[in-house]
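Visitor: Here is my input, please return the structure:
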Amino acid sequence: MKRTSLLVAVCLFLIFSIKAQTTETIEQKKILTEIGELNGQIISLFKTKKYDEALKAALSVWEISDKNGLSKDLRVLPTLMNLGEIYLVKGKESEAIAVFQKILDAYKANSRDTRLLVVKITERIAVAYYYKKDYGKAEEFFLNVLSLREALNGAESKETAKITYVLADLYQSKNQYDKANEFYLKAIGINDKTLTKEEKEDREDLQNYSCFLYHKALRENKITQVSKMLKDFNDARNPPKPDDKTINSGVINGKAIDLVKPQYPRNVGRVSGFALVQVTIDEQGKVISAKATCGILEFVKVVEEAARKSKFSPTFLNGQPVKVTGVIVYRFVA
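Guide: Numbers count the residues shown, from 1 in each chain. Next up is the predicted model:
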């Protein structure tokens, strides 16, 4: 349902003023001030979705910088990044890649420590290739980013987990399910160690991994095995304990006394698809929480409403009723 933020983010650089050096002439200071003012205009235009005007201003910044020998200046390079970001929004991935590549080369050629900037721009190039659906080049650059992140932030860091998860998403897009599974599990393993208690309360990586397993099973015609796959995965991460008061049951469609059928959304054309809803069921079999984790976005509201109205048989552990978490799978046929 959701793409990782790295793939959807637009990273405009909010730099409105550029400090001039004492050795610079009045004319050079004037040029730097002009670039800063133009960048402010770019941000304002972009926020109001005036992308054509923002593009025009960004091209002016590029032209002024190039004309005055500032296209490799560390103070100016972040503002030049905005041109590439605007190209991405306008769907001009090739132009964005060309801009980002020039900036990347400039940072690499600089004698200062620009490793963080190098990794961020390499990420944007990878994202541009992903949007372009050139998954081969996207994989190449994302793997490069992974190596850079491991060196810069550590093999077990949130930053490394994030790019590992992006690669898993990429491999799923390429229908390389074994590789996708490997990278999903690696990212989840890192997150298990690095996320705070609060961050672990609503983890998209776990929700989306469940969605991935369903996609994989559907592709491999193993849909009846999804429940066991999810249960085995959760049990491996959190082995059941005798005193557990909540158990995970994987896909729980078959345990429903009354599985309410969702109404097909009126504003959606006839499409086939599915949606997964993560639910928590109390000791009496009542659904006390329901959240759609993946599937067709237009189905989210109706499947969550249907899940909340559904009723399940109580679950017992050691003779005592317990809460249950699980996944309801809804399928829509056009």
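
Visitor: Would you check how far apart the residue lying closest to residue 141 once chain neighbours are set aside and residue 147 are?
Guide: Nearest residue to residue 141, sequence neighbours excluded (CB to CB, 6 or more residues apart in numbering): residue 126, at 3.5 Å. C-beta: built from backbone N, CA, C; applies to glycine. Computed with CB to CB, to the nearest Å, the distance linking residue 126 and residue 147 is 12 Å.

Visitor: Which residue of these two possesses the greater neighbour count?
Guide: Counted by other CB atoms under 10 Å, residue 126 and residue 147 do not tie: residue 126 has more neighbours, with 28 against 13.

Visitor: other SSEs contacting whichever strand or helix holds that one?
Guide: If you go by DSSP states H and E, residue 126 is part of helix 115-131. Helices and strands touching helix 115-131, as assessed by 3 or more CB pairs under 8 Å, 6 or more residues apart in numbering; DSSP states H and E, comprise helix 5-8, helix 77-89, helix 93-109, helix 135-153, helix 158-173.

Visitor: hang on, the earlier thing: check contacts around the residue nearest to residue 141.
Guide: 138, 141, 142, 144, 145 (CB atoms under 8 Å, 6 or more residues apart in numbering).

Visitor: Please apply the same query to residue 96.
Guide: For residue 96, the contact set (CB under 8 Å, 6+ apart) comprises 84, 85, 87, 88, 124, 128.

Visitor: number of nearby residues for the second one?
Guide: The burial count assigned to residue 85 is 23, neighbours taken as other CB under 10 Å.

Visitor: Show me where this protein has its strands.
Guide: In the chain, the segments counted as strands under DSSP state E are 246-251, 256-258, 273-281, 287-295, 311-312, 315-317, 320-332.

Visitor: Including mean pLDDT, could these go into JSON lines?
Guide: Output for the strands of the chain, formatted as JSON lines (pLDDT from 0 to 100):
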{"stretch": "strand 246-251", "mean pLDDT": "76"}
{"stretch": "strand 256-258", "mean pLDDT": "94"}
{"stretch": "strand 273-281", "mean pLDDT": "87"}
{"stretch": "strand 287-295", "mean pLDDT": "88"}
{"stretch": "strand 311-312", "mean pLDDT": "96"}
{"stretch": "strand 315-317", "mean pLDDT": "85"}
{"stretch": "strand 320-332", "mean pLDDT": "87"}
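
Visitor: Between these, which one is closest to residue 30.
Guide: For the strands of the chain, the distance to residue 30 is smallest for strand 287-295, at 53.1 Å, taking CB to CB.

Visitor: before we move on, the earlier item: can you check the pLDDT for the residue nearest to residue 141?
Guide: On pLDDT, residue 126 comes in at 96.

Visitor: in the longest helix belonging to the chain, what counts as buried?
Guide: Ranked by number of residues, the top helix in the chain under DSSP state H is helix 26-47. Going by neighbour count (16 or more other CB atoms under 10 Å), the buried part of helix 26-47 is 31, 32, 35, 36, 38, 39, 40, 41, 42, 43, 45, 46.

Visitor: which residues does the nearest residue to residue 130 once chain neighbours are set aside contact?
Guide: Excluding its sequence neighbours, the residue lying closest to residue 130 (CB to CB, 6+ apart) is residue 138, at 4.2 Å. Residue 138 makes contact with 126, 127, 129, 130, 132, 170, according to CB under 8 Å, 6+ apart.

Visitor: What residues sit buried inside stretch 113-123?
Guide: Buried, per 16+ other CB under 10 Å, within stretch 113-123: 114, 117, 118, 119, 120, 121, 122, 123.

Visitor: Redo those as CSV? Include distance to residue 27 and pLDDT.
Guide: Output for the buried residues of stretch 113-123, formatted as CSV (distance: CB to CB, whole Å; pLDDT from 0 to 100):
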residue, distance to residue 27, pLDDT
114, 27, 91
117, 28, 91
118, 31, 95
119, 35, 95
120, 32, 92
121, 30, 94
122, 35, 96
123, 36, 94
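
Visitor: Closest one to residue 54 out of those, please.
Guide: Relative to residue 54, the closest of the buried residues of stretch 113-123 is residue 121; by CB to CB it sits at 19.6 Å.

Visitor: got the contact list for the residue nearest to that closest one when sequence neighbours are not counted?
Guide: Leaving out its chain neighbours, the residue that sits closest to residue 121 by CB to CB, 6+ apart is residue 104, at 4.6 Å. Going by CB under 8 Å, 6+ apart, residue 104 touches 118, 121, 122, 125.

Visitor: Check the gap between the first one and residue 103 for me.
Guide: Same thing as residue 118. 10 Å.

Visitor: now do the last one
Guide: Between residue 125 and residue 103 the distance is 10 Å, computed by CB to CB.

Visitor: Show me the shaky parts of this structure.
Guide: 1-23, 223-224, 240-245, 334 (pLDDT under 70).

Visitor: The closest residue in space to residue 209 that isn't next to it in sequence: how many residues sit nearby?
Guide: Spatially, and ignoring its direct neighbours in sequence, residue 209 is nearest to residue 184 (5.1 Å; CB to CB, 6+ apart). Residues lying near residue 184 (other CB under 10 Å) number 23.
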